[in-house]
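# Next come a sequence and a model predicted from it.
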Amino acid sequence: MRLNELRDNDGSTKNRFRVGRGIGSGKGKTGGRGVKGQKSRSGVAIKGFEGGQMPLHMRLPKRGFNKPNRKAWAEINLGRIQKAIDAGQIDAKKPIDADVLRAAGLVRRELDGIRLLAKGELKTKVEITVAGASKPAIEAVEKAGGKVNLPAAASAE
């Protein structure tokens, strides 16, 4: 096999159908768009338009509030940490922090900090330093004989 002999499998590519090329083609005149009018033209954006009536998405009441500067946490569960310890990706004897979790592939990026959640079971004694943790997660780590270090500003929710 040479580079100049490479080609697609038979039938894997199709030529683009050229519409609007005469009535005899089967896709002439209106080009498969139906009849005349706004929808037959290009650049039409009338998805939510209801003929001048207030559109449904604007008639429905708005609820809640999305805080524009809210923190985005990289969440990690206790079960994933235990699995990584069992697999030998994390050394439980050394303190676990964001760098260790990233190196082990448990979090891709820190975002505004790593938050520890209580899903799963932790059997190993570990010392974890994270930006935030849930109360059940802290209790589970302490029950296993470990410790969770949080920055002073972070509160256990």
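Looks like it came in fine. Numbers count the residues shown, from 1 in each chain.
# what bridges to residue 128?
Under DSSP bridges, the beta-bridge partners of residue 128 are residue 96, residue 148.
# May I ask you to confirm that it is in contact with residue 96?
Yes. With contacts counted by C-beta atoms under 8 Å, residue 128 reaches residue 96, the gap being 4.7 Å. To be clear about C-beta, it is placed using only N, CA and C from the backbone, and glycine gets the same treatment.
# Which strand residues bridge residue 50?
Counting by DSSP bridges, residue 50 is bridged to residue 53.
# Can you check which residues contact both of residue 128 and residue 96?
By C-beta atoms under 8 Å, 6 or more residues apart in numbering, residue 128 and residue 96 have these common neighbours: residue 81.
# who's in contact with residue 80?
106, 120 are the contacts of residue 80 under C-beta under 8 Å, 6+ apart.
# Tell me how far it lies from residue 142.
Residue 80 sits 19 Å away from residue 142, going by C-beta to C-beta, to the nearest Å.
# same check, this time on residue 135
11 Å.
# out of everything not next to it in sequence, what's closest to residue 124?
Among residues not flanking residue 124 along the chain, residue 92 sits closest, at 4.6 Å (C-beta to C-beta, 6 or more residues apart in numbering).
# Looks like that neighbour contacts residue 123 (just checking).
No. In this structure, residue 92 is not within contact of residue 123 by C-beta under 8 Å, at 9.9 Å.
# more crowded one of these two?
Between residue 92 and residue 123, residue 92 has the larger neighbour count (other C-beta atoms under 10 Å), namely 18 against 13.
# Need the phi and psi values for that one.
Backbone torsions for residue 92, taken as degrees, to the nearest 10, come to phi -70, psi -20.
# Now do it, the pLDDT please.
On pLDDT, residue 92 comes in at 85.
# Equivalent analysis for residue 76, please.
pLDDT, read off for residue 76, is 93.
# Make sure it is indeed in a strand.
Yes. Under DSSP: H, G, I helix; E, B strand; the rest coil, residue 76 falls within a strand.
# And it, how close does it get to residue 101?
6 Å.
# residues shared between the contacts of those two?
By C-beta under 8 Å, 6+ apart, residue 76 and residue 101 have these common neighbours: 107, 114.
# Great, nothing more from me.
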